[in-house]
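1. Starting from these lines, generate the structure:
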Amino acid sequence: MKLEFIPLYEVFEKYKGGCPICKIIKDEEKAYCEHLFEDEVLKDPEMYVKIRETNFCHYHLELLNNSYDKLGLAIALKANISYKLQRITDKRKSLKKKRGKETKNKCLICDYLSERDKYQMHILMDILHADKEFVEKHSEGLSKLCFHHLNMLMESAKDVTPQIEKIIKINETAIEKNITDLEWFITKFDYRFQDEPWYDSKDSIERALKLLRGGYYD
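-> Residues are numbered from 1 along each chain as shown. Okay, the predicted model is just below:
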């Protein structure tokens, strides 16, 4: 087995809470954020410029504030805010001058995770090509792919192989069941059905949310 296959194999074997690829991206997000504000990273001129000039999204600002090293965060925020203040000062000085359209930088962490997302999907496609029994062995995990990763899978596939076809079918079955369970959940609020059992509908909203947004926020 190739070394790069191991993390995905492990998450498919151990994680039962939702989309396995979302889980591995969430773990990579945690590791990247923890690493981002270490001394050697902040002292790296190239990384310092990236941190200074990025536009951290709202979600990652909250995540960094609630979960990670405050000293490193303070250093990063000082650099980031100082840079933005300088940009405002430059704009004020050139308000009457003709200037080109400003390029807006994306969130550094979001960009990193987007690249890791593509990489993990590439690895999954390689695994499906190399391991013909992967779908059979991990059908439960593959049936929990969120819409984002299911669409990525279909877009990454060069053709609809039997493996890809099976993954699509097991996800269609799981999604249809989720819809049926949501319908029963709604029906249970009709007083005529209040004494009927809930069946599998109690977690139907949770499953629907994971399907729509992925498992990033478990």
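2. Okay, now the unreliable bits of this protein?
-> Scanning the chain for pLDDT under 70 picks out 96-104, 215-218.
3. let's go with 80 and repeat that
-> Along the chain, segments meeting pLDDT under 80 span 1, 67-68, 92-105, 214-218.
4. what does stretch 39-53 contact?
-> With contacts defined as C-beta atoms under 8 Å, 6 or more residues apart in numbering, stretch 39-53 is touched by 35-36, 72, 75-76, 79-80, 82-83, 105, 108. Placement of C-beta: from N, CA and C, glycine included.
5. buried set for that stretch?
-> 41-42, 50-52 (16 or more other C-beta atoms under 10 Å).
6. ok, now stretch 66-76?
-> 68, 72-73, 75-76.
7. Tell me which residues touch F12, please.
-> 20, 138, 141-142.
8. May I see these organised as CSV, with distance to R207 and secondary structure added?
-> Output for the contacts of F12, formatted as CSV (distance: C-beta to C-beta, whole Å; DSSP: H, G, I helix; E, B strand; the rest coil):
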residue, distance to R207, secondary structure
P20, 15, helix
H138, 18, coil
G141, 14, helix
L142, 15, helix
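9. are any of the residues you listed buried, and which?
-> 20, 138, 141-142.
10. Give me the three-state assignment for F56.
-> coil (DSSP: H, G, I helix; E, B strand; the rest coil).
11. Next up, phi/psi of the closest residue to it other than its chain neighbours, please.
-> Spatial nearest neighbour of F56, chain neighbours left out: C107 (5.3 Å); criterion: C-beta to C-beta, 6 or more residues apart in numbering. Note on C107: its backbone torsions stand at phi -60, psi 130 [degrees, to the nearest 10].
12. What is the neighbour count of C107?
-> 17 (other C-beta atoms under 10 Å).
13. dump the residue contacts of it.
-> Contacts of C107 by C-beta under 8 Å, 6+ apart are 54-57, 60.
14. Which among those count as buried?
-> 54, 56, 60.
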